[in-house]
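Asker: sharing a sequence plus its predicted fold:
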Amino acid sequence: MDSKKKYNSPFFPAWKTADPSVYPHLKNDRKRLLKNMTPAETILWEYLKSNKLGVRFRRQHVIANFIPDFVALSCKLIIEVDGEIHDFQKEYDKDRTFLLKERGFRVIRFKNEEVLNNIEKVIEKIKENLI
């Protein structure tokens with residue numbers, strides 16, 4: 001069975017979203033990202049953790065061969081908090097979003113400044129996308 005079919009298989013738990021062939025290579029990156037959240041990610045996590053919005057969010061959960069900032073698997077919603085680097089990788093982000101959408105996920109993005117300066121508006125937009 002090829003790896004693509006394997007991790008989309010109904011025989012695996014829904015939280016096993018990583019491509020098994022690349023997960024060993026991403027595991028250390030995931031751990032590093034978990035330990036080194038940006039200030040904006042840290043603030044947003046305070047609002048998302050512990051089911052505060054009525055759904056469980058995971059941090060840095062591997063999906064296929066990507067590591068999104070936050071994901072609610074139950075409603076297939078990915079939240080990305082973009083720093084300045086994303087100003088220089090717009091095409092990569094567009095392709096990544098497309099591939100995640102192909103897997104049934106919705107992706108919403110916020111700039112660091114949005115989270116840091118207007119967290120209430122960010123949370124409101126997230127709530128609107130929880131379905």
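Answerer: Thanks, I have it. Residues are numbered from 1 along each chain as shown.
Asker: so where do the strands sit in this protein?
Answerer: 58-59, 70-72, 77-82, 106-111 (DSSP state E).
Asker: what residues does the first one touch?
Answerer: Under the criterion CB atoms under 8 Å, 6 or more residues apart in numbering, residues Trp15, Leu34, Met37, Glu41, Trp45, Asp69, Phe70, Val71, Ala72, Leu73 lie in contact with strand 58-59. Using the backbone N, CA and C atoms, a C-beta is placed for each residue, glycine as well.
Asker: which stretches of this structure have low pLDDT?
Answerer: Applying pLDDT under 70 to the chain flags residues 1-15, 84-89.
Asker: hang on, the earlier thing: go through the contacts of strand 58-59 and say which is closest to Gly54.
Answerer: Closest approach between these and Gly54, by CB to CB: Ala72, at 9.5 Å.
Asker: so who does the closest one touch?
Answerer: Contact analysis of Ala72 by CB under 8 Å, 6+ apart lists Val55, Arg56, Phe57, Arg58, Leu130.
Asker: redo the contacts of strand 58-59 as CSV? Include distance to Lys121.
Answerer: Formatted as CSV, the contacts of strand 58-59 follow (distance: CB to CB, whole Å):
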residue, distance to Lys121
Trp15, 30
Leu34, 26
Met37, 21
Glu41, 17
Trp45, 17
Asp69, 18
Phe70, 17
Val71, 21
Ala72, 19
Leu73, 25
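Asker: just among these, which is most surrounded?
Answerer: Among the contacts of strand 58-59, Val71 has the most neighbours (other CB atoms under 10 Å), with 27 neighbours.
Asker: pretty sure that one contacts His61?
Answerer: Yes. Taking contacts as CB atoms under 8 Å, Val71 lies within contact range of His61: 4.9 Å.
Asker: picking that back up, and the contacts of Ala72, which two are the farthest apart?
Answerer: Arg58 and Leu130 (14.6 Å).
Asker: the two: who's more crowded?
Answerer: Ranked by neighbour count (other CB under 10 Å), Arg58 and Leu130 place Arg58 first, with 17 against 12.
Asker: pretty sure Gly83 sits against Glu41.
Answerer: No. Gly83 is not in contact with Glu41 according to CB under 8 Å; the separation is 9.3 Å.
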